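Visitor: Have a look; sequence and predicted model below, questions after that.
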Amino acid sequence: MKRLKEVKKYAKALLDTVGIEKTPQALTELSMVNDLMVKSKEFKNLLINPQFTPEERERIIKQITSKLKLSDNVIKFVLHLTELMLIIHLSEIIKIATSLYLEKKKRAKAVVMTPLPISKNYEDKLRTSLKKLTNRDVDIEYVMDPSLLGGIQIKVGSTVYDTSIKGQLRLLKNELMKG
């Protein structure tokens, strides 16, 4: 609970620091740092290991972030999170900051999973339906998942709409298990 409060606090601080107009760029830059942490155990170790001095950490982070061409605000933010040993929660901070940004911009993000590519016509109808459902403009991320077999699964925030065959089979199984 305390960790979640801190994560939210720093997600809000990020938005306040960079401003609403520069938030998408900052989130992209932080995602690059997060991806690097995932791909490189050495980099992640540098950020979270207390054996490194703050000076060593800062010097190496500035070298790496200059190659990534990150903004000064993002570099300062990463250094600050590293100092506080909260950098390990960067992916959560990015998720919450993204949600806060979308909320302020009156937008929603939907993840649409389908077993096959969808047509442009269906995509437009889906966007219109989601806009009516959420009362917001919707950014849609499409994910191909052949295991769905058919139908579609949509996640908007924490709400999931599942009309996939896989989802229907799961519901049927649960009903049969209940007796």
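Guide: Received the coordinates, thanks. Numbers count the residues shown, from 1 in each chain.
Visitor: Strands of this structure, start to end?
Guide: Applying DSSP state E to the chain gives strands spanning 107-114, 137-144, 153-156, 159-162.
Visitor: Mind giving me the packing neighbours of the second one?
Guide: Packing contacts for strand 137-144, counted by 3 or more CB pairs under 8 Å, 6 or more residues apart in numbering; DSSP states H and E, involve strand 107-114, helix 120-134. Placement of C-beta: from N, CA and C, glycine included.
Visitor: Equivalent analysis for the last one, please.
Guide: Packed against strand 159-162, as judged by 3+ CB pairs under 8 Å, 6+ apart, are the following elements: strand 153-156.
Visitor: Also the first one?
Guide: Contact here means 3+ CB pairs under 8 Å, 6+ apart; on that basis strand 107-114 packs against helix 90-104, helix 120-134, strand 137-144, strand 153-156.
Visitor: hang on, the earlier thing: dump the helices and strands packed on strand 137-144 to CSV, plus mean pLDDT.
Guide: Below are those laid out as CSV (pLDDT from 0 to 100):
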stretch, mean pLDDT
strand 107-114, 88
helix 120-134, 90
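Visitor: if you compare the ones you listed, which one is most tucked away?
Guide: Mean neighbours per residue, mean count of other CB atoms under 10 Å, is largest over those for strand 107-114, with a mean of 18.
Visitor: Pairing partners for it, with directions?
Guide: Here strand 107-114 is paired, per DSSP bridges, with strand 137-144 (parallel), strand 153-156 (antiparallel).
Visitor: quick one on the thing from earlier: possible to save the helices and strands packed on strand 107-114 as CSV with distance to E175?
Guide: Formatted as CSV, the helices and strands packed on strand 107-114 follow (distance: least, CB to CB, whole Å):
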stretch, distance to E175
helix 90-104, 33
helix 120-134, 26
strand 137-144, 27
strand 153-156, 19
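Visitor: Outline the domain layout of the protein.
Guide: Domain ranges of the chain: 2-102, 107-178, per automatic domain parsing.
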